[in-house]
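>>> would you be able to build a 3D model of this:
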Amino acid sequence: MIYEVGKQFPGINKAPCFETCRAQVNTAFFDIIYYIECPEAKVVGVWKDGKLRYGVYTREAIPYFIIDFPDADWNFDVNVNTFRIVDD
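Residues are numbered from 1 along each chain as shown. Just a heads-up that it's a prediction; the model follows:
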């Protein structure tokens with residue numbers, strides 16, 4: 001599946017009308033999916049061209065992937081269900 005900024009997401013928002021974030025396990029590892037209904041041009045620009053910092057935090061064996069857009073003063077985290085990741 002190919003994702004493009006500014007294009008309609010090829011999946012279903014499981015919480016319509018709410019800004020939400022989730023990790024979706026795929027064949028390589030996982031994707032971070034962030035739903036924003038009707039994003040402003042500035043928000044799209046942050047995703048396309050903004051500086052991005054990331055990190056990983058673990059609490060009680062649950063990893064959290066942390067995303068930070070420092071120039072936009074915007075950050076969020078998403079937990080990853082590692083039990084859904086299967087070794088080949």
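
>>> gap between the spatially most central residue of the chain and residue 66?
Centroid-nearest residue in the chain, with CA atoms, centre = their mean: residue 32, separated by 2.9 Å. According to CB to CB, to the nearest Å, residue 32 and residue 66 sit 10 Å apart. The C-beta positions use only the backbone N, C-alpha and C, and glycine is treated the same way.

>>> residues touching the residue nearest to the centre of the chain, list them.
Residues in contact with residue 32 (CB atoms under 8 Å, 6 or more residues apart in numbering) are 21-24, 65, 67, 78.

>>> what lines up beside the one helix or strand it maps to in the sheet?
Using DSSP states H and E, residue 32 maps to strand 30-35. Partners of strand 30-35 in the sheet, by DSSP bridges, are strand 20-25 (antiparallel).

>>> the partner strand - what's its average pLDDT?
The pLDDT scores in strand 20-25 average 81.

>>> mind saving the C-alpha coords of it as PDB?
Taking Å, rounded to 0.1, in the frame of the first residue of the first chain, the C-alpha atoms of strand 20-25 are listed here in PDB:
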ATOM      1  CA  THR A  20      -6.100  10.100  16.000                       C
ATOM      2  CA  CYS A  21      -2.900   8.200  15.600                       C
ATOM      3  CA  ARG A  22      -2.100   4.500  15.500                       C
ATOM      4  CA  ALA A  23       0.500   2.000  14.500                       C
ATOM      5  CA  GLN A  24      -0.400  -0.500  11.800                       C
ATOM      6  CA  VAL A  25       1.800  -3.600  11.500                       C
END
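
>>> give me the contact list for that strand.
Counting by CB under 8 Å, 6+ apart, 11, 13-14, 30-35, 65, 76, 78-81, 84-85 sit against strand 20-25.

>>> can you flag the buried ones in those?
Neighbour-count burial (16 or more other CB atoms under 10 Å) applied to the contacts of strand 20-25 gives 30, 33, 35, 65, 78, 80.

>>> look up the closest residue to the last one, ignoring the ones flanking it.
Put plainly, it is residue 80. Excluding the flanking residues, the one nearest residue 80 by CB to CB, 6 or more residues apart in numbering is residue 23, at 4.6 Å.
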